[in-house]
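Undergrad: Sharing a model that was predicted from the sequence below.
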Number of protein chains: 2
Amino acid sequence: MPDPLSRLYENVCRHARETALLNSIESVLGWDERTMLPAAGGEHRADQMTLLAGMVHQRLIEPQYGDSLGQLAESPLAADPHSDSGATIRRLKRQHDKKVKLPQSLVEELARTSVLGQQAWQEARQNDDFAAMRPWLEKTFALKRQEADALGYADRPYDALLDDYEPEERTSHVAEVLRRLREELVPLVEAIRGSARRPDTSILRRTYPTDAQKAFGRQAAEQIGFDFQRGRLDVTAHPFCAGLGPNDCRITTRYNERFFNESFFGILHEAGHGIYDQGLRTDQYGLPLGEAISLGIHESQSRLWENLVGRSWPFWESFYPLAQQHFPAALGDVDPDDFYFAVNDVRASLIRVEADEATYNLHILIRFELEQALLDGDLPVADLPAAWNGKYRDYLGIEPSSDAAGVLQDVHWSAGLVGYFPTYSLGNLHSAQIFAAADAELGSLAQSFSQGEFQPLRQWLNEKIHQQGQRYSADELVMRITGKPLSHEPLMAHLRAKLGPLYGIA
Amino acid sequence: MPDPLSRLYENVCRHARETALLNSIESVLGWDERTMLPAAGGEHRADQMTLLAGMVHQRLIEPQYGDSLGQLAESPLAADPHSDSGATIRRLKRQHDKKVKLPQSLVEELARTSVLGQQAWQEARQNDDFAAMRPWLEKTFALKRQEADALGYADRPYDALLDDYEPEERTSHVAEVLRRLREELVPLVEAIRGSARRPDTSILRRTYPTDAQKAFGRQAAEQIGFDFQRGRLDVTAHPFCAGLGPNDCRITTRYNERFFNESFFGILHEAGHGIYDQGLRTDQYGLPLGEAISLGIHESQSRLWENLVGRSWPFWESFYPLAQQHFPAALGDVDPDDFYFAVNDVRASLIRVEADEATYNLHILIRFELEQALLDGDLPVADLPAAWNGKYRDYLGIEPSSDAAGVLQDVHWSAGLVGYFPTYSLGNLHSAQIFAAADAELGSLAQSFSQGEFQPLRQWLNEKIHQQGQRYSADELVMRITGKPLSHEPLMAHLRAKLGPLYGIA
């Protein structure tokens, strides 16, 4: 017979699991919306998702559930914050305490606006029509500001929103890390621009038939460890990875017959997210120990497989012969060295998701600064396109010729994801720092990649990160794995080590 | 200011609409399960659907909702059973009164078993393994028997289940209609078997590339009136049509490169269901006036487009040149007369969904008799394969060589759909009766089909059937449209008129 405290704990866990179950239904609807939904189905889908969001919210803020969490937080079960019960109670209580601050009506309005905003964005982007998007962005930022005010913040409204994606992180700290990164990154990018060496990237713009891309991409995802018994790969306009259940993780991509990188590295990226998702503890599904800790850590996994692994020479030692088999017309006459240099081309570009490893973070910096200004009210939405273009000129030296290739390229703000962008850069930093630690510990990663063997790295990540769920905060986790706090140095070291020889710079 | 009665009515309608919204989420999960779900995702999907089924049930049986319906049923708003409010109140009350008889635990157990049973069926069918399916069928029929007992019935347990698909219909009446049909059908099929004329069906077994089938099938669906702005067409193992919202209707098919009929007539069939679904009143979505009246009427729409239209000579006058364009290798040298005869081939076969118009109803009769025996306990599940094969020998003169081509071919019983099969035959009867009425009223249907014009028929169906929702019962509706009660005669007249000349029989 269990004691009353254990029973209380079990009840709380049961409640949380059922909330997660309901939440996972919303994930199915969201995935379907972005991959399958007929054009006219949007309004009803918004109704469905609003209903579920409201139900989930009601469960999260139930007073009795809150009382139980309060009791548990004071009990011996929470004494060690990193124990199973301690971490579980702490995270659930943190979530509850946060959600009770949000009025039901705001939660529902945010849910509805995010679904309809995404749909409006698809059309606006297609028609290069910022004016059509403007009222949606105005509404979204107004709602997000209300959300930040309801949640409260010590320093800036942005802190309140950032916390959704990067728990316990602060805007000022992110700004500081990105500032340091930028200080070292800009000279590197300039040195590359000054180099006489240039890869022949036209080979990546030859014809890559979609069916062959599908087969090759799937093979690569499978080989690095994405499990298709527990997942899918589909087509969408704005690729993403979504967990729909403990054994149902779906990645998406888009195929461009005239650009090799778009789907291939996109698939590696999303498969990296998927491997994290599939590596979570299924016995803890719906509880903090079975959930990802932060978007920055999530992104570290995708960027690690995309860049640290997928753009490495050893990876292509094993994969290039396969690529030539899949694309004989495009790659039959191309040397592996030329191909390797081409996929590591660094140059200022307009589209974030197609940016190279080095300039990528400048794209993020632009968005990070703009969304703070929008939220603070310092930048009216009407002035956003001009501000966007100005920052691209300043940071990357180029300017979009259309809003579709500029401010309309990302779905995030339209979907209510404000405070999300910096997690991409955090992910880049984490990925290099984590990979360096894995490489130091495991030793022969390059050799195993060159043999098409990714199991040792995957297993290490699984044990050190995936299986930990939310036991540690992102900062604690990185400190435990790498022995150091988050820093821009490992990423810079990685970029210098790879790009220096390619471009012949010191 | 609305009077209290109007307010009560509005509250009831709001409650029903929100229940329908929740229910439509279950439809999304169900569609996804049958078209997209990764192999390992089944258990969690069952959890999700069980949760929703339980929530929907709770809403349907809410005592306050029941009380309101009780008051409304006694009020002037319900005085005319065919008025908007009268029909709405009557149908909602009928549904409530029925659902309150079902214990929550049974509803949830049925939902879970139906999802897991379908998944088990997919595997069992693939492996031709009836033994693996047996415990699921035993469980399902035991649960369905419990359901029938809980619901109550005047005559036989089967009545209680039939009512779910064919409200107010009785087993004895269906049996009587099918008996009469059989009496006239069997001699016709025998006369055809005795005929020296035979179409060359090998032309339908040439190579029909999947991509061309997709394009041609989609074109046909669009031309008869399925709206792809409000719907989709996807691939599945066991084709179906599902409404996921007022503007989101999804049809499915399967492609067989070596058999023209499978996807083409399947798509016409599902598009017929879809046109009904898309023709319902969107302003009444979630209320009885915006919902289909019965599965028999639903099936009448699919069979009408598949057979009365899609297998008619005038249809192919317009479509055959297109077919030759899509499949030049297979059909370039084939005369339209030969093609028309081939798609109207009548012969005893093993697979229901591939059966011709004439023998189809014998497949249904077999299932109708077997499921009654299973439910009554007169036939143990263990003896089902032998009973199945015996009936195929008796009724169609052939016997399956495997359970996969026999008792495992249909998903219905595995999905808890007991009492569903006879609606297929009712649909066939309705389709001929309704088509004859439309033809008599509109006059020049053959001419419009031969010009690829289907709008007049669609509009007539929309006005007479789709827009009526559940205002009238199926019987009342047929009587209103055709002036006669349901009869086997129009179907027999149609079959004789078409098949007589083809096979040279009187």
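TA: Alright, I've got the coordinates.

Undergrad: Would you check that A:Met479 makes contact with A:Ser487?
TA: No. Assessed by CB atoms under 8 Å, A:Met479 is found out of contact with A:Ser487, at 11.0 Å. Where C-beta positions appear, they are placed from N, C-alpha and C, glycine not excepted.

Undergrad: In terms of neighbours, single out the busier of these two.
TA: Using other CB atoms under 10 Å in any protein chain shown, the more surrounded residue of A:Met479 and A:Ser487 is A:Ser487, with 17 against 14.

Undergrad: which ones are touching the more buried one?
TA: Shown in contact with A:Ser487 (CB atoms under 8 Å, 6 or more residues apart in numbering or on different chains): A:Val177, A:Leu429, A:Gln433.

Undergrad: From B:Leu52, how far off is it?
TA: The gap separating A:Ser487 from B:Leu52 is 47 Å, by CB to CB, to the nearest Å.

Undergrad: and the contacts of A:Ser487, which are buried?
TA: Buried residues within the contacts of A:Ser487, counting neighbours by 16 or more other CB atoms under 10 Å in any protein chain shown: A:Val177, A:Leu429, A:Gln433.

Undergrad: where does chain A come near chain B, residue by residue?
TA: Taking CB under 8 Å from any CB of the partner chain, the part of chain A that reaches chain B is made up of A:18, A:21-22, A:24-25, A:28-29, A:32, A:36-41, A:43-45, A:47-48, A:51-52, A:227-232, A:244-250, A:285.

Undergrad: how about 6 Å then?
TA: Residues of chain A found near chain B (CB under 6 Å from any CB of the partner chain) are A:21, A:25, A:29, A:38-41, A:44, A:47-48, A:51, A:229-232, A:245-248.

Undergrad: Go through the residues you listed and flag which are in helices.
TA: A:Leu21, A:Ile25, A:Leu29, A:His44, A:Asp47, A:Gln48, A:Leu51 (DSSP state H).

Undergrad: Tell me who's in contact with the first one.
TA: This points to A:Leu21. A:Leu21 makes contact with B:Asp47, B:Leu51 under the criterion CB atoms under 6 Å, 6 or more residues apart in numbering or on different chains.

Undergrad: Now for the ones in helices among the residues of chain A next to chain B: which two are most distant?
TA: The two members of these with the most space between them (CB to CB) are A:Leu21 and A:His44, at 22.3 Å.

Undergrad: Save the contacts of A:Ser487 as a markdown table, and put in distance to A:Thr88 and secondary structure too.
TA: Formatted as a markdown table, the contacts of A:Ser487 follow (distance: CB to CB, whole Å; DSSP: H, G, I helix; E, B strand; the rest coil):
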| residue | distance to A:Thr88 | secondary structure |
| --- | --- | --- |
| A:Val177 | 29 | helix |
| A:Leu429 | 28 | helix |
| A:Gln433 | 27 | helix |
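
Undergrad: Can I get those in TSV including pLDDT?
TA: Shown next, in TSV, are the contacts of A:Ser487 (pLDDT from 0 to 100):
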residue	pLDDT
A:Val177	95
A:Leu429	98
A:Gln433	98
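
Undergrad: Nearest to B:Asp335 among those?
TA: A:Leu429 (71.0 Å).

Undergrad: what's the pLDDT at A:Ala154?
TA: A:Ala154 is assigned 87 on the pLDDT scale.

Undergrad: which stretch of helix or strand covers it?
TA: Assessed by DSSP states H and E, A:Ala154 sits outside every helix and strand.

Undergrad: what's the burial count for it?
TA: 8.

Undergrad: Can I get stretch A:481-496 in CSV, CA atoms only?
TA: Listed next in CSV are the C-alpha coordinates belonging to stretch A:481-496 (Å, rounded to 0.1, in the frame of the first residue of the first chain):
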residue,chain,number,x,y,z
ILE,A,481,28.9,17.1,-20.6
THR,A,482,31.6,19.5,-21.7
GLY,A,483,33.0,20.7,-18.3
LYS,A,484,32.6,24.4,-19.4
PRO,A,485,29.8,26.9,-19.6
LEU,A,486,28.3,27.8,-23.0
SER,A,487,30.9,29.6,-25.2
HIS,A,488,31.3,30.8,-28.7
GLU,A,489,34.9,29.4,-28.8
PRO,A,490,34.3,25.7,-29.8
LEU,A,491,32.2,26.9,-32.8
MET,A,492,34.8,29.4,-33.9
ALA,A,493,37.5,26.7,-33.5
HIS,A,494,35.5,24.3,-35.6
LEU,A,495,34.9,26.9,-38.3
ARG,A,496,38.5,28.0,-38.4
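
Undergrad: Check which helix or strand A:Glu371 maps to.
TA: helix A:360-376.

Undergrad: and that helix, how far from the chain's centre?
TA: Distance of helix A:360-376 from the chain centroid (CA atoms, centre = their mean, to the nearest Å) equals 16 Å.

Undergrad: what residues does that helix touch?
TA: By CB under 6 Å, 6+ apart, the residues outside helix A:360-376 that reach it are A:141, A:145, A:157-158, A:178, A:181, A:352, A:355, A:379, A:391, A:395-396, A:418, A:421-422, A:424-425.

Undergrad: With stretch A:412-425 instead?
TA: For stretch A:412-425, contacts defined as CB under 6 Å, 6+ apart pick out A:110, A:114, A:117-118, A:121, A:137, A:140, A:144, A:161-162, A:165-166, A:174, A:178, A:295-296, A:299, A:361, A:364, A:367-368, A:371.
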